[in-house]
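[1] Have a look at this prediction, sequence included:
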Amino acid sequence: MAMTVRLPEELDAQLEAIARARHTSKHAVIIEAAQRFVNSEMKTDRVLSTAAGVTERYAETLKRLEDA
């Protein structure tokens, strides 16, 4: 999917430097960064969902520990 992204000049220059050092394109660097961000966010969602499930499943045990 085509997309236009407007970047602040400093960020664009930093991406250009990274791309040049890696002998790749800014496009490739941005795709990698976006994928890392998505993976991180999805992992966070899974952790929060798991924590909510544990809290619900062990609510009574957690309450007893709280009162101990």
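    Arrived safely. Residues are numbered from 1 along each chain as shown.
[2] For Arg46, see how far away the residue most central in space within the chain is.
    In the chain, the centroid-proximal residue (C-alpha atoms, centre = their mean) is Ser40; its distance is 2.7 Å. According to C-beta to C-beta, to the nearest Å, Ser40 and Arg46 sit 11 Å apart. Heads up, the C-betas are built off the backbone N, CA and C, glycines and all.
[3] again with Lys63
    As judged by C-beta to C-beta, Lys63 and Arg46 stand 25 Å apart.
[4] so which strand or helix has the residue nearest to the centre of the chain?
    helix 26-57 (DSSP states H and E).
[5] Rounded mean pLDDT for that helix, please.
    In this model, helix 26-57 has a mean pLDDT of 89.
[6] which helices and strands sit right next to it?
    On a contact count with 3 or more C-beta pairs under 8 Å, 6 or more residues apart in numbering; DSSP states H and E, helix 26-57 meets helix 9-22.
[7] Format the CA atom coordinates belonging to the helix it packs on as CSV.
    Included here for helix 9-22 are C-alpha records, laid out as CSV according to Å, rounded to 0.1, in the frame of the first residue of the first chain:
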residue,chain,number,x,y,z
GLU,A,9,13.9,17.2,9.1
GLU,A,10,16.0,15.9,12.0
LEU,A,11,14.3,12.5,12.1
ASP,A,12,14.6,12.3,8.3
ALA,A,13,18.3,13.0,8.6
GLN,A,14,18.7,10.4,11.3
LEU,A,15,16.9,7.8,9.2
GLU,A,16,19.1,8.7,6.2
ALA,A,17,22.2,8.1,8.3
ILE,A,18,20.9,4.8,9.6
ALA,A,19,20.0,3.6,6.1
ARG,A,20,23.4,4.7,4.7
ALA,A,21,25.2,2.9,7.5
ARG,A,22,23.2,-0.3,6.8
